[in-house]
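A structural model of the following input is requested.
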Amino acid sequence: MTKSTQNIGDSGTMNNGTDAGTTTEVQPVTRLSDLSAQQWKSGIAAWLGWLFDGLDMHLYVLVATPFVAELLGGVNLKDPSVGYYSSWIQAAFLIGWALGGAFFGRIADRMGRSRALMLTILTYALFTGLSFFAQTWWQLLIFRFLAALGIGGEWAVGASLLSETWPSRWRPWMAAVLQTGVNLGIMLAGLAIFVLADFPPRYVFLVGILPALLVLWIRRAVPEPETWHEARRDPSYVEPKFLDLFRGPLRRTTFLITIVCGLSLTAHWAFMFWYLQHIRNLPELMEWSDGERSQIVGRFIWLVMLTSIAGNFLAAALARWLKYRVAVSGLCVAYFFAMFATYSVARDHNSLWYGLFAIGLCQGVFAIFTMYLPPLFPTLLRTTGAGFCYNIGRIAAGLGTVFFGLFSKVGDYRLALFYAGFLFLPAAAFAWLLPEPPDGLDGEAPADLTLTD
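From the prediction side, this is the model:
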């Protein structure tokens, strides 16, 4: 590959020029009132995309046990086949998420962020809605896999769109706000379960069609980032290849991020899937009706998501104070201790509130990745790199969901949750070796990254 120098990140400034042949006027951005209309629209589009991400990705998790039992012919909720097939459906979803991050990330680097964002939202809205029509477990698996392609792509595209249009010094707080969109989306999924508790489980998937309406606004209102246009207009521009992620100075970064994300996401998604199934199957809830169990699950998901929102801003503060890699490493260690304390012994549902509160706070670690990863890659590999490295970890997470389920007794998933938490320890060790973004957190002039063979 010939030499190509691309600017990564921004210095907390705003570009007002659009002509490639003229010098752009640069103005400092220090307050919200300094932001341009394009920056506001990009931020709103990314946040809404993540909101609906959270909604669509969690609808299945909340009804997995009763819906899969229905698809298997109405077997008992504690039948081993329910946990087995529901975990494989979730594994397919997470694998689709990983592939979607890489696939749509490449599209976004070639076609533009806004165009790719529309495609990702349409994909996950369509196939989430089609899950309503599933008649067998494998049909549901296919629909969830295809919906996940869009959800994984939306993460990468939304993160890059925001990192290219908002000031670098604000990134930790932007990451917290963006991740809050996911949390609120999951809470909306919990609300949908609560409201539709007396309907068959499949009806919740119809709620997942709503994000398609967002595409109409994005198409009209959200332009492509100027950073993306400038990178393609550069006279020395050469289309980077996917394999450039594994060459030169990027190789170490790519491998480290992939390992950290693979380990932490496997543990996190083992928790996110199995803790709800664990609650549904607690002995003291066995005499409850399906509707009553769905309602208590809805309350627990709201607890975890509300504390997770607080955790997002805690993580942002830690990133500003300690820098990104130290914050990631420390929160991974904290996540391990929270899961260890919560699931080391059997507890009833009244005792789980405290442990789930602590776990929710620790989930802010995933907010940090949102703005931390994209600036580590050059502009025209940014969405590809962030999408691949972060989302490829979901393949491990998908298989880990099945693997840790094998540790469980029939209907009791506590051990799956207990053992999964240990993965946060090696994740913390590798996170300590990660680099900081070249343009930093304080708005200093950005660095250039040169790609060479």
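
in the chain, what spans have low per-residue confidence?
The model of the chain has pLDDT under 70 over residues 1-30, 219, 224, 228-239, 393, 401, 404-412, 439-453.

repeat that for 50
Where the chain drops to pLDDT under 50, the residues are 1-26, 441-453.

And the longest helix out of those in the chain, what's buried?
As assigned by DSSP state H, the longest helix anywhere in the chain is helix 37-71. For helix 37-71, burial by neighbour count (16 or more other Cβ atoms under 10 Å) applies to 38-39, 41-43, 45-71. For every residue, glycine as well, the C-beta is placed using N, CA and C.

Could you name the helices and strands sitting against that helix?
If you count contacts as 3 or more Cβ pairs under 8 Å, 6 or more residues apart in numbering; DSSP states H and E, helix 37-71 packs onto helix 80-111, helix 113-130, helix 137-165, helix 171-195, helix 212-221, helix 250-280, helix 290-322.

which of the residues in the last one are buried?
In terms of neighbour count (16+ other Cβ under 10 Å), helix 290-322 has its buried residues at 290, 293-298, 300-305, 307-316, 318-320.

That one - contacts with which helices or strands?
Applying 3+ Cβ pairs under 8 Å, 6+ apart, one finds that helix 290-322 contacts helix 37-71, helix 171-195, helix 250-280, helix 324-343, helix 349-362, helix 365-372.

Give me the distance between the residue nearest the centre of the chain and I279.
Nearest residue to the geometric centre of the chain (Cα atoms, centre = their mean): W155, 5.8 Å. Distance, W155 to I279, using Cβ to Cβ, to the nearest Å: 27 Å.

Comparing the helices and strands packed on helix 290-322, which comes out most buried?
Highest mean neighbour count among the helices and strands packed on helix 290-322 (mean count of other Cβ atoms under 10 Å): helix 365-372, with a mean of 27.

Tell me which other helices or strands the helix or strand following it touches.
Sequence-wise, the next helix or strand downstream of helix 365-372 (DSSP states H and E) is helix 382-391. Packing partners of helix 382-391 (3+ Cβ pairs under 8 Å, 6+ apart): helix 80-111, helix 137-165, helix 250-280.

could you redo those as a markdown table and give each row distance to L433?
Putting the helices and strands packed on helix 382-391 into a markdown table (distance: least, Cβ to Cβ, whole Å) gives the following:
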| stretch | distance to L433 |
| --- | --- |
| helix 80-111 | 22 |
| helix 137-165 | 22 |
| helix 250-280 | 6 |
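
closest one to S131 among these?
Of all those, helix 137-165 sits nearest to S131, with 4.4 Å by Cβ to Cβ.

helices and strands around that closest one, which ones?
The contact analysis (3+ Cβ pairs under 8 Å, 6+ apart) places helix 137-165 against helix 37-71, helix 80-111, helix 113-130, helix 171-195, helix 226-233, helix 365-372, helix 382-391.

ok and that helix relative to helix 113-130, angle-wise?
Per axes from the mean of the first three to the mean of the last three Cα atoms, to 10 degrees, the angle that helix 137-165 makes with helix 113-130 is 160 degrees.

For helix 137-165, buried residues please.
For helix 137-165, a neighbour-count test (16+ other Cβ under 10 Å) marks 137, 140-165 as buried.

Can I get the helices and strands packed on helix 290-322 in JSON lines including distance to F132?
Below are the helices and strands packed on helix 290-322 laid out as JSON lines (distance: least, Cβ to Cβ, whole Å):
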{"stretch": "helix 37-71", "distance to F132": "10"}
{"stretch": "helix 171-195", "distance to F132": "13"}
{"stretch": "helix 250-280", "distance to F132": "20"}
{"stretch": "helix 324-343", "distance to F132": "33"}
{"stretch": "helix 349-362", "distance to F132": "30"}
{"stretch": "helix 365-372", "distance to F132": "29"}
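
Looking at those helices, which is nearest to W97?
Relative to W97, the nearest member of those by Cβ to Cβ is helix 37-71, separated by 7.8 Å.

From the chain's centroid, how far away is that closest one?
In terms of Cα atoms, centre = their mean, to the nearest Å, the centre of helix 37-71 is found 10 Å from the chain centre.

what do you get for stretch 82-95?
18 Å.

What of stretch 271-279?
18 Å.

Can you name the residues in contact with it?
61-62, 64-65, 83, 86-87, 90, 285, 293, 296-297, 300-301, 304, 339, 349, 352, 356, 359, 401, 404-405, 408, 412-414, 416-417, 420-421 (Cβ atoms under 8 Å, 6 or more residues apart in numbering).

show me the contacts for A319.
Applying Cβ under 8 Å, 6+ apart, one finds that A319 lies in contact with P172, A175, A327, I368, Y372, L441.

I'd like those laid out as JSON lines, including distance to E226.
JSON lines is the format used below for those (distance: Cβ to Cβ, whole Å):
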{"residue": "P172", "distance to E226": "23"}
{"residue": "A175", "distance to E226": "21"}
{"residue": "A327", "distance to E226": "30"}
{"residue": "I368", "distance to E226": "26"}
{"residue": "Y372", "distance to E226": "22"}
{"residue": "L441", "distance to E226": "22"}
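
is it true that L399 touches W88?
No - L399 is beyond contact range of W88, at 9.8 Å (criterion: Cβ atoms under 8 Å).

Which one's more surrounded, the two?
W88 (19 against 16; other Cβ atoms under 10 Å).

How about that one, nearest residue that isn't a chain neighbour?
For W88, ignoring the flanking residues on the chain, the nearest one in space by Cβ to Cβ, 6 or more residues apart in numbering is V402 at 6.1 Å.

go on, A64?
Closest to A64 by Cβ to Cβ, 6+ apart is S86, at 4.3 Å.

Run a quick neighbour tally on that neighbour.
Using other Cβ under 10 Å: S86 sits among 29 other residues.

picking that back up, out of the helices and strands packed on helix 382-391, which gets nearest to L214?
helix 137-165 (10.4 Å).

so the closest one versus helix 365-372, what angle?
50 degrees.

how far away is V222 from V157?
Counting by Cβ to Cβ, the gap from V222 to V157 is 11 Å.

shared neighbours of the two, anything?
Both V222 and V157 are in contact with L117, where contact means Cβ under 8 Å, 6+ apart.

For stretch 69-78, C-alpha coordinates in PDB please.
Taking C-alpha atoms only, stretch 69-78 is exported to PDB below (Å, rounded to 0.1, in the frame of the first residue of the first chain):
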ATOM      1  CA  ALA A  69     -40.700 -22.800  25.300                       C
ATOM      2  CA  GLU A  70     -43.700 -21.800  23.100                       C
ATOM      3  CA  LEU A  71     -41.800 -22.500  19.900                       C
ATOM      4  CA  LEU A  72     -40.700 -25.900  21.200                       C
ATOM      5  CA  GLY A  73     -44.300 -26.900  21.600                       C
ATOM      6  CA  GLY A  74     -45.200 -25.500  24.900                       C
ATOM      7  CA  VAL A  75     -42.700 -27.400  27.000                       C
ATOM      8  CA  ASN A  76     -42.100 -26.500  30.700                       C
ATOM      9  CA  LEU A  77     -39.900 -23.400  31.300                       C
ATOM     10  CA  LYS A  78     -37.400 -25.500  33.200                       C
END
